[in-house]
Structure formats: C-alpha cells, structure tokens
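> Predicted coordinates and the sequence they were generated for:
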Amino acid sequence: MARLILASKSASRRSLMTGAGLYYEAVTADIDERAVEEPLLARGAHPDAVARGLAEAKALHVSLKHPDAYVIGSDQTLSLGERIFHKPCDMAEAADHIRAFSGKTHHLNCGVAVANDGKVVWSDVSIARMTMRPISEAFLSRYLDLSGEGILQSVGAYQFEGPGVQLFERIDGDYFTILGLPMLTLLPGLRSLGAIDG
C-alpha cells in the first residue's frame, strides 16, 4: 500500500478520508493562497482553474518534503458569475456574502490534486451548483446567531452539514464536493495511480 498524505488541516477533509477507510497522514500545506491565486486571475483563469491551481500548489508544497508519498491537495473557490468570494473576515462580511447569494445560484469549484516526487500526477475539478433561497434579514440574523463564528472558516459563510443547509432550495452536485474533498473523483484517481487497491 502506498503512503498517502492529505495536505490539509481541515477537519471535514480528514473526516472524509477516514470515513472512506483510507490510511493516511495529515500535513498542513502552509502556502499563501492569494499569492497562488493572483497570477492565475491575472491570466484570466476561470474560478474552477483557480481551484485546481490551489489544490496543485498544496499537493506540491507537501510533496517536496515527502517525495515518497502520494500527496493529496484540495481547495475550493466560490464563484457567483465571474466574482470569486473568499472566507469572510468577520460576521458583518459573512452577512454580506449571504445577501449576495440570496435567491441566486453560485458555484463551489473544488479542485483536487495528487503529487508524487515533487510532480502533480493527477488532478481534477468538481463543481456543485448551489441555489440559495431568498433570505430575509430576520432569518439572516437568526442564522448568524445560530451558526456562530465557525462559519468564518467557510468560503460561503455556511456549513452545509450544519444550519447552513437551511439556506438552500436546490443543489446540483455531490455532498463531498460541497464539504471540500470530491471523493467520487479522488478515489478513482488514486486507484488509477496504484496508490490504493482497486
């Protein structure tokens, strides 16, 4: 069995790996995400390509220190039209994010990449289309109180596995993509590399 490393500190990504029965180590990829993102956007990259670029950068960063392992990197961008949103810095910005998404469909673009020996050997992007119902100011206030500052760790200011599910009327995409690690594409990718048994 190959050595697997998840290049992430995300509890939800670790939970998905563990839940799938994979034996892995977790190593945080300390990269400057904005420094990776800016040149991609300057070249006109679409939000899904930015997500792939971020995932590849995380996998490569850890792979250079652990060249014998298959290193999994994953990252999301959230886009509404051409605009890319980032994690809100405070609850006021979280409220502004929800107002922007209210009654509209935004995309969660989840990039995933595998690096080995300092090279990206596989990558993919999975997209979930998230349609938010119209949100009243009264509900928004209750939602923010109920959710607390944990939502500041989420690019969309919601945690779909928690109270955030109340915000939505339609989802086109899989649960794993929403949580930030698209297992339904990652697992076949790992099998194609011989990193896990098939």
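Happy to help now that I have it. Numbering: from 1, shown residues only.
> after the top helix by length along the chain, next one along is what?
For the chain, the helix reaching the highest residue count under DSSP state H is reported as helix 47-63. Under the assignment DSSP states H and E, the closest C-terminal helix or strand after helix 47-63 is strand 70-80.
> who's in contact with whichever helix or strand comes after that following strand?
On the C-terminal side of strand 70-80, the closest following helix or strand by DSSP H and E is strand 83-85. Strand 83-85 is contacted from outside by E37, L41, P47, V50, T77, L78, S79, H97, A100, H106, V155, G156, using C-beta atoms under 8 Å, 6 or more residues apart in numbering. Yep, even glycine has a C-beta here, placed from its N, CA and C like the rest.
> Mind doing that once more with 7 Å?
P47, V50, T77, L78, H97, V155 (C-beta atoms under 7 Å, 6 or more residues apart in numbering).
> Report the two of the residues you listed separated the most.
V50 and H97 (17.7 Å; C-beta to C-beta).
> can I have the longest helix of the chain written out in CSV, keeping just the CAs?
Extracted in CSV, the C-alpha atoms of helix 47-63 (Å, rounded to 0.1, in the frame of the first residue of the first chain):
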residue,chain,number,x,y,z
PRO,A,47,-12.7,30.0,-10.9
ASP,A,48,-12.6,26.3,-11.5
ALA,A,49,-9.0,26.6,-12.9
VAL,A,50,-8.1,28.7,-9.8
ALA,A,51,-9.4,25.9,-7.5
ARG,A,52,-7.3,23.3,-9.4
GLY,A,53,-4.2,25.6,-9.2
LEU,A,54,-4.6,26.0,-5.4
ALA,A,55,-5.0,22.2,-5.0
GLU,A,56,-1.9,21.5,-7.1
ALA,A,57,0.1,24.1,-5.1
LYS,A,58,-0.9,22.5,-1.8
ALA,A,59,0.0,19.0,-3.0
LEU,A,60,3.3,20.1,-4.5
HIS,A,61,4.3,22.0,-1.4
VAL,A,62,4.0,18.9,0.8
SER,A,63,5.3,16.6,-1.9
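> just checking, what packs against it?
Secondary-structure packing of helix 47-63 (3 or more C-beta pairs under 7 Å, 6 or more residues apart in numbering; DSSP states H and E): helix 33-42, strand 70-80, strand 105-116, strand 119-132.
> what angle separates it from strand 105-116?
30 degrees (axes from the mean of the first three to the mean of the last three C-alpha atoms, to 10 degrees).
> got the angle for helix 47-63 vs strand 119-132?
Using the same axes, to 10 degrees: helix 47-63 against strand 119-132 is 140 degrees.
> list the contacts for L60?
L60 touches A115, G118, V120, counting by C-beta under 7 Å, 6+ apart.
> for R129, that is, sorry about that
Taking C-beta under 7 Å, 6+ apart as the test, what R129 contacts is T105, H107, D172, G173.
> And A69, by the same measure?
Here A69 is in contact with R3, L4, I5 (criterion: C-beta under 7 Å, 6+ apart).
> Sounds good, over and out.
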